[in-house]
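Asker: Sequence first, predicted model second:
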4 protein chains.
Amino acid sequence: MPQPERRYVITFGCPDRTGIVAGISSFLAEHGGWIVEAAYHTDPATNWFFTRQEVRADSLPFGVDELRERFGRVARDLGAHTNWRVTDTGERRRVVLLVSKEGHCLYDLLGRVASRELDVDVSAVIGNHTDLAGITRAHGIPFHHVPFPVNDPEGRQAAWAQLRQLVDVHQPHAVVLARFMQILPTELCAAWTGRTLNIHHSFLPSFIGARPYHQAHGRGVKLVGATCHYVTAELDQGPIVEQDVIRVDHTDSIPDMVRKGRDIEKVVLARGLRWHLEDRVLVHGNQTVIF
Amino acid sequence: MPQPERRYVITFGCPDRTGIVAGISSFLAEHGGWIVEAAYHTDPATNWFFTRQEVRADSLPFGVDELRERFGRVARDLGAHTNWRVTDTGERRRVVLLVSKEGHCLYDLLGRVASRELDVDVSAVIGNHTDLAGITRAHGIPFHHVPFPVNDPEGRQAAWAQLRQLVDVHQPHAVVLARFMQILPTELCAAWTGRTLNIHHSFLPSFIGARPYHQAHGRGVKLVGATCHYVTAELDQGPIVEQDVIRVDHTDSIPDMVRKGRDIEKVVLARGLRWHLEDRVLVHGNQTVIF
Amino acid sequence: MPQPERRYVITFGCPDRTGIVAGISSFLAEHGGWIVEAAYHTDPATNWFFTRQEVRADSLPFGVDELRERFGRVARDLGAHTNWRVTDTGERRRVVLLVSKEGHCLYDLLGRVASRELDVDVSAVIGNHTDLAGITRAHGIPFHHVPFPVNDPEGRQAAWAQLRQLVDVHQPHAVVLARFMQILPTELCAAWTGRTLNIHHSFLPSFIGARPYHQAHGRGVKLVGATCHYVTAELDQGPIVEQDVIRVDHTDSIPDMVRKGRDIEKVVLARGLRWHLEDRVLVHGNQTVIF
Amino acid sequence: MPQPERRYVITFGCPDRTGIVAGISSFLAEHGGWIVEAAYHTDPATNWFFTRQEVRADSLPFGVDELRERFGRVARDLGAHTNWRVTDTGERRRVVLLVSKEGHCLYDLLGRVASRELDVDVSAVIGNHTDLAGITRAHGIPFHHVPFPVNDPEGRQAAWAQLRQLVDVHQPHAVVLARFMQILPTELCAAWTGRTLNIHHSFLPSFIGARPYHQAHGRGVKLVGATCHYVTAELDQGPIVEQDVIRVDHTDSIPDMVRKGRDIEKVVLARGLRWHLEDRVLVHGNQTVIF
């Protein structure tokens, strides 16, 4: 694949009023900014305005730092004090993956990275089991084993501290719970807020918590699904980024549902992660705008 | 459309063991029965066997009553005392529809009936409002208005009694709650058990009860759905016959979700009703086998 | 449903360059125009810029005619001489439907109109058979019968002339071939260009022409589909507005495929028509941008 | 995953008549055969009967060879001389994969095999390029490089001979063209008939041949798809095993369509391969029955 041209990505949100689009686009036009992609949305319920713009880096007479400084002034004038970001696609995205024993999401993500479909750096994979160490290292990626002892609060606390350190050293753009079977402590939810993605193996809000395929089979549903969402302190309640479903019928046992569901988990997580890393996801309360 | 050939439909369930298929198929072969369609299923969790068979009526040397009597003996020998039925496609199916104000499911069903895609008799439409009287009568179908007074328990009880009478006079094969906004009393759930279908405007078990699209919007889901299920005494908890979903995104307001969801409600209800009337739905606990 | 607020809809296309968004949005901001919905797209292959904007009518100090005149100057300055339109949602959309014998699309559209989900005027339904006269008139809509004689070129030419007159008197925003089984002559394709929608009962470009479900069955496909496209002089080759598919399997006979396909035809046509009437479809060569 | 119980799988086809089901099921019942799964289908157009049955191996008093001999007599009595098979799930399935440069299908299949979701032996991967040698060997699977020289008919013939030898030594149950960019010679299509699966990156019969995503983009379709089919001498014309689609829109460039399409190619190929290896696919003319 050819190297995509470098772009600056502006995301922005503020209370809606007239003149916002004009304000932003005039600022860009003034400096010759070539807008490659632009999206706008207004939420009438909360009267909130959102936009995301991709500008060719080489069309502007200054770099990302000066763009940030100059755009910051425009943003403040328009009423957005903190709800804006300017990122640079020239900076490679770093991702840390947390896993347990089930490997389908890991295999899938590593395959996408290896084929450069997902052109990011997987800085590390951390597992509370070692089952997936081999495939990780075969891809040339460091694997760290952090066991979580059962019925040992202190040991678990130490494990979380070690895991946190192993993650934070990379300052990753995304921490992905790729079927990681431990519930993140509140302080980590807070520390990594807005960049921790989980894949839940049900169509939320159905079947929150453990063994969702068993719950789904018991209820006799005709579709099973998967949900990629940001992790928040409340279990399986964070803002939803992506969902999808697949049809099942009475011939499907629970293992069949698990197997079919995996194909959905994989693509839903991969889509959600891509959108997050491309700054396409704007969180608004418990909802997301996907540009 | 040409008249489809007349068939007898056998449905049957019993504890699984060897020799059931042989027992049934040998009985049919012995009398020259030409099996046009046959389906089998075994539920390993409960060790229950299910089958549905369609036999050409003209291939058997006797009529449906004698088939019932003879097959009843086979069924008892195989251990199925009440879990079997023999129906005759030559007997036209009768359906009563219950409606309120929202007409999309009614319009859809009447269109299918008028074009003979759904080749059944709509014996009556009963509404607790009169909004849909006109279109019903334009299709040549009787419309009955049974108002349900608010805050008047006696008046409501009388309304239910009247509605029940209007339904029961037709001995319908199916009573369809086509967006009927009243909760069926327990005694009617019991009286019409196994033949009362509801369309719920969510992907159950998500968003049980009132205003599911509002609930869905609030949770920020990326798909909305609909569920056709048998009505039981517990609200929105009956066996699911069919479900489907449609994608929504952040640009969809609640009215947009309502509009998109309607297209799913219509097809899900139409499919569920068709399968029910063709004796394709076998209920097993709170699950359904759809042959 | 409450009356939606009145809006002006601007659609616009021109060769891409910097400053277009700024030009349009500054013009609107200058007059206090409140943008309710805005979408942008650039096609890199042809370097073409597209936008669609909805502005609250009551936010501007002038009416639609003056908006058209003023915006026309902006458009010309930006290089769009004819590729722009300003429409007023306050003007009710008029639609003429052409039908033959199969009624599923007509029933569906009439149901949507009757329930005001599709809030337009069906000015007339014209059929080359009379099968659908009854339901049309039951909805209070004029039905015209224009028979097309077989093997009678002059008779057919007269029929087309009559049909054209019956359509043109309404100056409809859309002419919909709702399973109309006659091929439009080239001069009508030209006269009604950009506002004639057809529903083809296959997933184009598969199975062009007659009896697509028979073709699909013969090829053993696992999904059947439907395509809503603008009618052009070349049969089934016009720009595609919407498509969808539904799963079939080996148990589906051709009539089953026809039946299942109808549910897709209905929604695909309804979506395409809605988008067309809301000025959401911008044609670019043989492709469409759907805003 | 626990070891699934060993089963014998019977597939069978013959002209339809009464008594076939009785004949087969009585034979099985006579020997105490426990039918775990059974499916039947009749094609009315060709009056052909199909069945597939799974019998618990431990329920029969003899092994697979004697079952084959005894069932062969039943089959001949019922008129099926060659259209039947008895296979043993106790025999591990062997698969050979042919690849070129694009790895997404290979990565996907290897991940499924490694996680034992697809519990088969990949005997070898053969590539006409070496790009995918590393990941193959990381999974402990032999990789063979067979280059296909351009404009060198003799060299190519030698390459095909070498490839054939590398495949045939394993007597694989399936030869999978996992985005292998060479067209199989007629004699190999014949030699491997009924066990060579290809994944074509379009919804056939649309966009046969080269660069289907480019064709799809040019036509402006709203969905792209993938097709898993048996390879026959006529390019992209073999019996279809599975198809699926994914939605695209005007914002999707050709590389976007390629990327989205890959997710469909992967699951369609994986499903098709699973069904083939489980003897679920019965070919009938150019159609398939999937049990």
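Answerer: Yep, that arrived. Numbers count the residues shown, from 1 in each chain, chains lettered A, B, ... in the order given.
Asker: ok, A:Ala226 touching A:Ile199?
Answerer: Yes - contact criterion Cβ atoms under 8 Å: A:Ala226 and A:Ile199 qualify, at 6.2 Å. Every residue, glycine included, has its C-beta placed from N, CA and C.
Asker: any common contacting residues for the two?
Answerer: A:265, A:268-269 (Cβ atoms under 8 Å, 6 or more residues apart in numbering or on different chains).
Asker: ok, these vs B:Glu54, which is closest?
Answerer: Nearest to B:Glu54 among these: A:Glu265, at 38.3 Å, using Cβ to Cβ.
Asker: Show me what counts as buried in the one helix or strand that closest one maps to.
Answerer: If you go by DSSP states H and E, A:Glu265 is part of helix A:254-277. Buried residues in helix A:254-277, defined by neighbour count with 16 or more other Cβ atoms under 10 Å in any protein chain shown: A:257-277.
Asker: Off-centre distance for it?
Answerer: 13 Å (Cα atoms, centre = their mean, to the nearest Å).
Asker: and if you look at stretch A:74-93?
Answerer: Taking Cα atoms, centre = their mean, one finds the center of stretch A:74-93 at 18 Å from the center of the full chain.
Asker: Could you tell me whether A:Thr136 really is in a helix?
Answerer: Yes - according to DSSP: H, G, I helix; E, B strand; the rest coil, A:Thr136 belongs to a helix.
Asker: is it true that it touches A:Leu110?
Answerer: Yes - with contact defined as Cβ under 8 Å, A:Thr136 reaches A:Leu110; the gap is 7.3 Å.
Asker: who has more neighbours, those two?
Answerer: A:Leu110 (26 against 23; other Cβ atoms under 10 Å in any protein chain shown).
Asker: Show me chain A divided up by domain.
Answerer: Here chain A is described, according to automatic domain parsing, as comprising the domains A:7-88, A:94-290.
Asker: near chain D at all, the last one?
Answerer: Put plainly, it is domain A:94-290. Yes - against chain D, domain A:94-290 shows contacts by Cβ under 8 Å from any Cβ of the partner chain at A:102-104, A:107-108, A:110-112, A:114-115, A:117, A:135, A:138-139, A:251, A:255, A:259, A:262-263, A:267, A:270.
Asker: gap between the two ends of that domain?
Answerer: End-to-end distance for domain A:94-290, by Cα to Cα, to the nearest Å: 21 Å.
Asker: Endpoints of stretch A:8-22, how far apart?
Answerer: Terminal residues of stretch A:8-22 lie 19 Å apart, using Cα to Cα.
Asker: pLDDT of that stretch, averaged?
Answerer: Taken as a whole, stretch A:8-22 has an average pLDDT of 95.
Asker: buried set for it?
Answerer: Buried residues in stretch A:8-22, counted by 16+ other Cβ under 10 Å: A:8-14, A:16, A:18-22.
Asker: Tell me which entries of these lie within strands.
Answerer: Among the buried residues of stretch A:8-22, the ones falling in strands (DSSP state E) are A:8-14.
Asker: In CSV, please show the C-alpha coordinates belonging to stretch A:225-233.
Answerer: Extracted C-alpha coordinates of stretch A:225-233, given in CSV (Å, rounded to 0.1, in the frame of the first residue of the first chain):
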residue,chain,number,x,y,z
GLY,A,225,-24.2,-9.7,18.6
ALA,A,226,-21.2,-7.9,19.9
THR,A,227,-20.5,-4.4,21.2
CYS,A,228,-17.3,-2.3,21.2
HIS,A,229,-17.5,0.4,23.8
TYR,A,230,-15.4,2.7,25.9
VAL,A,231,-14.7,1.4,29.3
THR,A,232,-16.1,3.3,32.2
ALA,A,233,-16.3,2.6,35.9
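Asker: now that stretch, how far from the chain's geometric center?
Answerer: 9 Å.
Asker: hmm, back to that, mind putting the shared contacts of A:Ala226 and A:Ile199 into TSV with pLDDT?
Answerer: TSV is the format used below for the shared contacts of A:Ala226 and A:Ile199 (pLDDT from 0 to 100):
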residue	pLDDT
A:Glu265	98
A:Val268	98
A:Leu269	98
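Asker: Closest to chain D out of those residues?
Answerer: The shortest approach to chain D among those belongs to A:Val268, at 10.4 Å (Cβ to the nearest Cβ).
Asker: what's the distance between that closest one and chain C?
Answerer: A:Val268 is 20 Å from chain C, where distance means Cβ to the nearest Cβ, to the nearest Å.
Asker: List the contacts of that residue.
Answerer: Contacts here follow Cβ under 8 Å, 6+ apart; on that basis A:Val268 touches A:199, A:226-228, A:242-244.
Asker: hmm, 10 Å instead?
Answerer: By Cβ atoms under 10 Å, 6 or more residues apart in numbering or on different chains, the residues touching A:Val268 are A:105, A:199-201, A:203, A:225-229, A:241-245, B:222.
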